[in-house]
Structure formats: C-alpha cells, structure tokens
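Enquirer: Quick one, fold the following:
(one chain, ligands or ions: 2)
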Amino acid sequence: MIEVRGFQVWPGSLDAAAQAAMVQEVREVVRAAPLVAPVTPGGREMSVRMTSAGRLGWITDRSGYRYATSHPSGVQWPPVPPSVLAVWRAVTGLARDPDCCLVNWYGEGARMGLHQDKDEGDFIWPVLSISLGDDALFRMGGVARRDSTQSLWLRSGDVVLMGGPARLAWHGVDRVRHGSSRLLPQGGRINLTCRVVAA
Ligand code: SIN
Ligand code: FE2
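Expert: Ligands and ions are numbered 1, 2, ... in the order given. Predicted structure coming up:
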C-alpha cells in the first residue's frame with residue numbers, strides 16, 4: 001500500500017482473473033441498469049457514462065446531484081456485485097456494506113473534473129475505488145479547493161481508499177490512456193466507487 005496525501009492506494013490489488021470476473025459482473029449491472037450520459041445541474045453533459053448498483057444510485061441532472069432509489073428509467077438498481085462487496089469488506093474491514101456502487105465508464109477522451117464526494121450525508125465512512133481497464137491519471141488534492149495536488153496513474157486492478165483526511169479531499173481524472181489495457185476488448189475504463197449513504 002502506498003499513501004498519497006491520505007489516499008491509500010493498493011497497486012495491482014486484483015489479478016487478471018479477478019479483474020475479468022469483476023468485469024463480467026459489471027456487465028450484468030449495466031444490462032439491468034444501462035449507462036446514462038449524466039448532465040450536471042448547470043446543464044453540461046459529462047464525458048463519463050454512469051450507472052449504479054445497490055440500494056441507492058448516484059445521479060445528476062438539472063435538479064442536482066443526489067442519491068436516488070431507482071435508475072432514471074424507473075428500473076431498480078441491481079445488487080452490488082459479490083466480487084465488489086468482497087473487496088470492500090477485505091479492504092475496509094467494516095461490518096457495514098456500501099449502499100451504492102457507482103459505475104463510471106470512461107470511453108475515449110472521457111475525464112472527470114476535480115470534485116469532492118459529499119452527497120453521502122455522513123463522511124465517517126470511506127469511499128472505495130476500484131479501477132478496471134485503461135490507465136487513468138488520477139489527481140489528488142486536499143480538503144480545500146486551493147490545496148496543491150499530486151497525480152498518479154491508476155491501472156487496472158488498482159484499489160484506492162478515500163477515508164479519514166482524504167474522505168473529503170478534492171480528486172478527479174485528468175485523462176485516460178485509451179487502449180492501454182487489454183482487459184476490455186474495445187478499450188475504455190471502468191471505475192467503481194462504493195459509498196455508504198446515511199439515511
Ligand atoms: C470518481 O471520483 O467518482 C471517479 C474516480 C476515478 O474514476 O478514478
Ligand atoms: Fe469522486
């Protein structure tokens with residue numbers, strides 16, 4: 001494990017077989033709850049495509065950022081994949097399972113601007129991130145927007161825990177090296193983030 005500004009990073013935490021098995025489970029999630037092109041409250045379409053698994057899913061549209069009990073189409077969110085739950089339990093050691101596993105899909109040119117994850121209601125719980133597919137340049141800052149940042153390439157199978165001082169730290173994805181991994185035949189990157197959402 002390496003620690004960068006309070007972000008705990010486990011490079012290569014999942015081997016190739018575990019990554020492939022997790023991708024199959026994510027494909028089932030996407031079949032049940034298709035990826036959507038989310039729109040920010042300001043009306044801009046995000047470059048990532050998104051869906052969720054779990055009791056709640058994170059969504060954004062003209063009405064704001066929030067957790068919702070169903071997919072925008074009205075269908076129920078599918079359950080969090082067992083392989084993802086296993087990583088959450090092993091890495092966090094928590095008895096509490098996540099309420100949401102947000103699935104972010106990065107196609108060619110997709111990125112994610114610097115932001116804080118702060119719609120969960122209780123920041124005592126960490127956010128766990130799992131990367132699959134293409135390499136991504138992950139930028140990490142501090143709890144203040146003006147804090148300096150440091151970036152690190154996340155590769156397929158890497159796991160990041162954002163807890164403690166890093167729980168409310170700014171972070172984002174500057175760019176993805178499209179086609180850098182062969183995990184997904186057409187290229188692209190999947191990032192899964194597990195969150196506990198207070199009632
Ligand atoms: C996120 O912050 O929601 C995504 C992080 C990542 O894609 O690595
Ligand atoms: Fe985030």
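
Enquirer: Do you know the pLDDT at the residue in the chain that ligand 1 sits nearest to?
Expert: Closest approach between the chain and ligand 1, counting by Cβ to the nearest ligand atom: Asn191, at 3.3 Å. From N, CA and C alone the C-beta is placed, and that goes for glycine too. Asn191 is assigned a predicted lDDT (pLDDT) of 99.

Enquirer: for the one 4 residues further on, same thing?
Expert: On the pLDDT scale, Arg195 is placed at 98.

Enquirer: Okay, and the beta partners of it?
Expert: Beta-bridge partners recorded for Arg195 (DSSP bridges): Cys100.

Enquirer: What count of nearby residues applies to it?
Expert: Here the count is done by other Cβ atoms under 10 Å, and Arg195 has 23 residues near it.

Enquirer: check contacts around it.
Expert: Contacts were defined as Cβ atoms under 8 Å, 6 or more residues apart in numbering; by that measure Arg195 touches Trp58, Pro98, Asp99, Cys100, Cys101, Leu102, Asp117, Glu120, Trp125, Val127.

Enquirer: which residues in this structure form helices?
Expert: Along the chain, the stretches classed as helices by DSSP state H are 16-32, 82-92.

Enquirer: What angle do helix 82-92 and the first one make with each other?
Expert: Calculated by axes from the mean of the first three to the mean of the last three Cα atoms, to 10 degrees, helix 16-32 forms an angle of 120 degrees with helix 82-92.

Enquirer: Can helix 16-32 be said to contact ligand 1?
Expert: No. Helix 16-32 stays clear of ligand 1 (Cβ under 6 Å from any ligand atom), getting no nearer than 13.6 Å.

Enquirer: From Arg55, how far off is the spatially most distant residue from the centre of the chain?
Expert: Distance from the centre of the chain peaks at Arg146, with 23.2 Å (Cα atoms, centre = their mean). Arg146 sits at a distance of 35 Å from Arg55 (criterion: Cβ to Cβ, to the nearest Å).

Enquirer: cool, and Val4?
Expert: Val4 is 31 Å from Arg55, by Cβ to Cβ.

Enquirer: so what's Arg177 up against?
Expert: Residues in contact with Arg177 (Cβ under 8 Å, 6+ apart) are Asp134, Asp135, Ala136.

Enquirer: typo on my end, Ser148
Expert: Counted by Cβ under 8 Å, 6+ apart, Ser148 has contacts Gly141, Gly142.

Enquirer: Distance-wise, check it relative to Phe7.
Expert: Distance from Ser148 to Phe7, counting by Cβ to Cβ: 14 Å.

Enquirer: which residues touch stretch 56-66?
Expert: With Cβ under 8 Å, 6+ apart as the test, stretch 56-66 has contacts from 33, 38-41, 43, 46, 50-52, 67-72, 77, 99-100, 102, 119, 195, 197.
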